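> coords please:
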Amino acid sequence: MVNAEKLEILSDKLFFTTIDVANLFDYTLKSARVFCSRYVKKGLFIRLKKDLYITSFRWNSLTLEDFFKVSSFLRVPSYISLMTALSYYGITTQMYHGYFESITINSSKYYEVKNVVFKYYKINGKFFNNYSRKNGYFIATKEKAFLDSVYLYSFGKYRFDNSAIDYSKLDKDKVFSIARDFPKKTVKSLEKLWST
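Coordinates of the predicted model:
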């Protein structure tokens, strides 16, 4: 019989690993994996990725910032950016409900969990900057989130509605200052988009 108090401990966590389960219930790692698999089948746990879970109860009460935390943990290193960050800052009217975009220096990746998508776009490590830690997750500055969008767009790897961007909420000097380190192709796209 599983201890209800111990299950409550797991529900209090934003997410947990099979190692957490093994330690909490004094199981072997193999037994912890079997336990988690059974609880996923019962609908009590949700698998985020290999060896990473969340209780269904917790999943159903996640806030926007909780999703940002999950997103930051699913792919390390990464930071929230692109239209997700721009929407968060109120700079775009282009909304993506249940769709979270991040930047990573690892390979591009896509996770879908209960109709919620976590998408990661790879960029060159030298452009992996201008983000900060906030309440347990990493997020780009508004200027960098916009520039990340333009960078990927300039190479045909991203699409966005330029007419949905409120340029008055962006610091033009900051955007163009950060853009100095980006490829000429990106800077040309930036100049064209800004003047549209």
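
> report the central residue of the protein.
Nearest to the geometric centre of the chain sits Ser71, at 3.3 Å (C-alpha atoms, centre = their mean).

> so that one: helix, strand or coil?
When classified by DSSP: H, G, I helix; E, B strand; the rest coil, Ser71 comes out as helix.

> on the three-state scheme, the residue lying closest to it once chain neighbours are set aside is what?
In space, and not counting its chain neighbours, Ser71 is closest to Phe100: 4.7 Å by C-beta to C-beta, 6 or more residues apart in numbering. For glycine as for every other residue, the C-beta is placed from the backbone atoms N, C-alpha and C. At Phe100, secondary structure determined by three-state DSSP is strand.

> hang on, isn't Tyr53 packed against Phe45?
Yes: the pair Tyr53 / Phe45 is scored as a contact, 4.8 Å apart, by C-beta atoms under 8 Å.

> tally of neighbours for Lys172?
By the criterion of other C-beta atoms under 10 Å, Lys172 has 11 neighbours.

> who touches it in this structure?
Under the criterion of C-beta atoms under 8 Å, 6 or more residues apart in numbering, the neighbours of Lys172 are Trp194.

> likewise for Ile54?
Residues in contact with Ile54 (C-beta under 8 Å, 6+ apart) are Leu14, Phe15, Phe16, Phe45, Ile46, Leu48, Val70.

> and Lys134, its phi and psi?
Note on Lys134: its backbone torsions stand at phi -140, psi 120 [degrees, to the nearest 10].

> buried ones in the host helix or strand of Tyr121?
For Tyr121, the element it lies in under DSSP states H and E is strand 116-122. Of the residues in strand 116-122, Val116, Phe118, Lys119, Tyr120, Tyr121, Lys122 count as buried by neighbour count, 16 or more other C-beta atoms under 10 Å.

> now those in JSON lines, with distance to Ile165 and pLDDT?
Listed next are the buried residues of strand 116-122 as JSON lines, based on distance: C-beta to C-beta, whole Å; pLDDT from 0 to 100:
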{"residue": "Val116", "distance to Ile165": "25", "pLDDT": "97"}
{"residue": "Phe118", "distance to Ile165": "23", "pLDDT": "98"}
{"residue": "Lys119", "distance to Ile165": "20", "pLDDT": "97"}
{"residue": "Tyr120", "distance to Ile165": "22", "pLDDT": "98"}
{"residue": "Tyr121", "distance to Ile165": "18", "pLDDT": "98"}
{"residue": "Lys122", "distance to Ile165": "23", "pLDDT": "97"}
